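> Pasting the sequence and the predicted coordinates here, then a few questions.
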Amino acid sequence: MLINVSNLAPYNSMPVSLKGERVDIPRDGASAEIYFDGSLLNDGKGAYVLDGEVKAVLSLNCDLCLEPFDTDIAFTVNEVFCSEKNSEKEFWSFSDKTIDLKPALIADILLNMPMKAVCSDECKGLCPICGHNLNKGECGCDRVQRDPRFEKLMTLFNDKEV
Ligand SMILES: [Zn+2]
Ligand SMILES: [Zn+2]
């Protein structure tokens, strides 16, 4: 994801596209395959502006059943890169006329990825007693007493009896 901008004249832009580059995401062993379509503009004042659309196929581990699964996210990118000598904190810095898109895109993916990673709305998670993945069938454990929703229901039921 290195882009050499030495031939990009001031006020000119160049097309940038990534077709499924795999990167590691620093969250729970996640990774992503990044697709990007956009452009990089030399703003004539020492900064380069990346604009475009990202589609990322995230490979995550489900928070409930711990199984790996894939999910897509899409978002718009607008990032500014400055060469080191005039860089400010809100800019990505670069040197040697080479811009590395990778850290900026990884940061954007982290901002845009779901807070909770759940493989499906119907995910049943793991059995709290034996750890069996309940999406793969019943394990036979008696979990009735350990289900907090059920216990709440029982409390309501008991209140009405009084
Ligand atoms: Zn799951
Ligand atoms: Zn079980």
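Cool, the structure landed. Ligands and ions are numbered 1, 2, ... in the order given.

> how about the helices in this structure?
With DSSP state H as the criterion, the chain has helices at 102-112, 148-161.

> looking at these, which has the lowest confidence?
Set side by side, the helices of the chain differ in mean pLDDT, and helix 148-161 is lowest with a mean of 65.

> Tell me where the chain has strands.
2-4, 13-25, 30-42, 47-61, 68-83, 92-94, 98-100 (DSSP state E).

> Quick check: the spatially most central residue of the chain vs residue 92, distance?
Centroid check for the chain by Cα atoms, centre = their mean gives residue 113 as the closest residue, at 3.5 Å. Residue 113 sits 19 Å away from residue 92, going by Cβ to Cβ, to the nearest Å. For every residue, glycine as well, the C-beta is placed using N, CA and C.

> surely residue 74 meets residue 55?
Yes - counting by Cβ atoms under 8 Å, residue 55 is a contact partner of residue 74 at 4.7 Å.

> For those two, indicate the residue with more neighbours.
residue 55 (16 against 10; other Cβ atoms under 10 Å).

> List the contacts of that one.
34-36, 72-74 (Cβ atoms under 8 Å, 6 or more residues apart in numbering).

> Report the beta-bridge partners for it.
residue 35, residue 74 (DSSP bridges).

> before we move on, back to that, for PyMOL, write the select line for the buried members of the contacts of residue 55.
The PyMOL selection below is limited to those of these classed as buried (16 or more other Cβ atoms under 10 Å):
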select buried, resi 34+35+36
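
> hmm, back to that, confidence-wise, which of the strands of the chain is weakest overall?
Ranked by mean pLDDT, those bottom out at strand 92-94, with a mean of 84.

> one step back: which residues sit in contact with the residue nearest to the centre of the chain?
Counting by Cβ under 8 Å, 6+ apart, residue 113 makes contact with 25, 27, 30, 58, 60, 73.
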